[in-house]
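return atomic coordinates for the entry below.
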Amino acid sequence: MSRFRLASFWLVAGLAAAVIVQIADVKAVRCQTPKSTGGSTPGKLEYQRACARCHGDDGKGGGPTGAASAAKTQDLTLLAKHNGGVFPERKILRVIHNTEPIAAHGPREQPVWGKGFSLRLNVATGASNLPGSSAQIDYRVRQLTQYLKSIQEK
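This next block holds a predicted model:
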């Protein structure tokens, strides 16, 4: 009987440690929704924070990190043109949430832009109405998507 209690103790202790690590990880990745400043929209600020270092300030693929990459960085101003003139919003949402992984963006659980757009993290912890909550992440992703749509070449 004491072996059962000892095993139960270690199981509960392990689960408690896992929960503590998860909570600490969530606190580290929460980010505030950018506010419009000096002509920059929230979507443009999200883009500058998460995408510009590879795709460039103009979205054409000339960012400093992208230039060092072995693969050619995609020109994000041509997304609609390469999709029959229609902006591929659903695909972009999957790419941002990293549910449609792209090798250059890094592993699914840790994309190059970090965990800032991770719905899985927020759903797993039950975060609600907090910086980084699912509702706020959805807002930020929609702003980023609208910005990408606004820079498409005609």
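
now Thr73: which helix or strand?
Of the helices and strands defined by DSSP states H and E, none includes Thr73.

can I assume it is in contact with Pro64?
No - in terms of CB atoms under 8 Å, Thr73 does not count as a neighbour of Pro64; the distance is 10.5 Å. C-beta coordinates here come from the backbone N, C-alpha and C atoms, glycine included.

anything in contact with each of the two?
Residues touching both Thr73 and Pro64 (CB atoms under 8 Å, 6 or more residues apart in numbering): there are none.

more neighbours: which of those two?
Thr73 (18 against 10; other CB atoms under 10 Å).

would you check how far apart that one and Lys91 are?
Distance, Thr73 to Lys91, using CB to CB, to the nearest Å: 17 Å.

name the SS class of Arg49, please.
helix (DSSP: H, G, I helix; E, B strand; the rest coil).

tally of neighbours for it?
Arg49: 16 surrounding residues under other CB under 10 Å.

what count of nearby residues applies to Arg90?
By the measure other CB under 10 Å, the count of residues near Arg90 is 10.

what's the helix or strand for it?
Here Arg90, judged by DSSP H and E, is contained in helix 89-96.

ok, now Glu100?
Counting by DSSP H and E, Glu100 is part of no helix or strand.

give the closest residue to it in space, chain neighbours not counted.
Arg94 (3.7 Å; CB to CB, 6 or more residues apart in numbering).

and the gap between that neighbour and Gly106?
To Gly106, Arg94 is 15 Å away according to CB to CB.
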